[in-house]
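> Sequence first, predicted coordinates after that:
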Amino acid sequence: EVKLVESGGGLVQPGGSLRLSCAASGFTFSNYALSWVRQAPGKGLEWVSGINNGGGIAIYADSVRGRFTISRDNAKNTLYLQMNSLKPEDTAVYYCAKYLTNWPQGGYDYWGQGTQVTVSS
């Protein structure tokens, strides 16, 4: 059974930092690209970042480029999102998602349950 379990969310002040983690199981982690997707209150899903299976290729939405860093540890079957200089508009539920292939584009076949990030003073 494929599982993606996010953690690390919470309440942080504007300008602060958080690191999200996504622990994966039930598939060969190093074979697949992964992504972070978020959903702000009352809004649709927004793709945030993707990373290829080996970790050497990372791509970002314009809204987070330069502030967020995606990474993965294939030995630990874990995906990360380091979020710096957080803004109130980053408030959302953050999901990790598994791509269908080793490249960070196209569709997903599995999602985590999400972790809430709230940026507020």
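Noted; the coordinates are in hand.

> quick one: average pLDDT of stretch 22-31?
Mean pLDDT, computed over stretch 22-31, is 97.

> Next: stretch 92-110.
94.

> Use 444 as the first number for this chain going forward.
Sounds good: first residue 444 from here, last item stretch 535-553.

> And that stretch, what's buried?
Neighbour counts over stretch 535-553 (16 or more other Cβ atoms under 10 Å) mark 535-542, 547, 553 as buried. (Glycine included, C-beta is placed from N, CA and C.)

> Tell me the span between the first and last residue of that stretch.
Counting by Cα to Cα, to the nearest Å, you get 19 Å between the two ends of stretch 535-553.

> Stretch 465-473 too?
Note: stretch 465-473 ends 14 Å apart using Cα to Cα.

> Check stretch 525-543 too.
Start-to-end, stretch 525-543 (Cα to Cα) is 24 Å.

> Next, format the buried residues of stretch 535-553 as JSON lines and append distance to residue 449 and secondary structure.
Output for the buried residues of stretch 535-553, formatted as JSON lines (distance: Cβ to Cβ, whole Å; DSSP: H, G, I helix; E, B strand; the rest coil):
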{"residue": "535", "distance to residue 449": "12", "secondary structure": "strand"}
{"residue": "536", "distance to residue 449": "9", "secondary structure": "strand"}
{"residue": "537", "distance to residue 449": "7", "secondary structure": "strand"}
{"residue": "538", "distance to residue 449": "7", "secondary structure": "strand"}
{"residue": "539", "distance to residue 449": "6", "secondary structure": "strand"}
{"residue": "540", "distance to residue 449": "10", "secondary structure": "strand"}
{"residue": "541", "distance to residue 449": "12", "secondary structure": "strand"}
{"residue": "542", "distance to residue 449": "16", "secondary structure": "strand"}
{"residue": "547", "distance to residue 449": "18", "secondary structure": "coil"}
{"residue": "553", "distance to residue 449": "12", "secondary structure": "strand"}
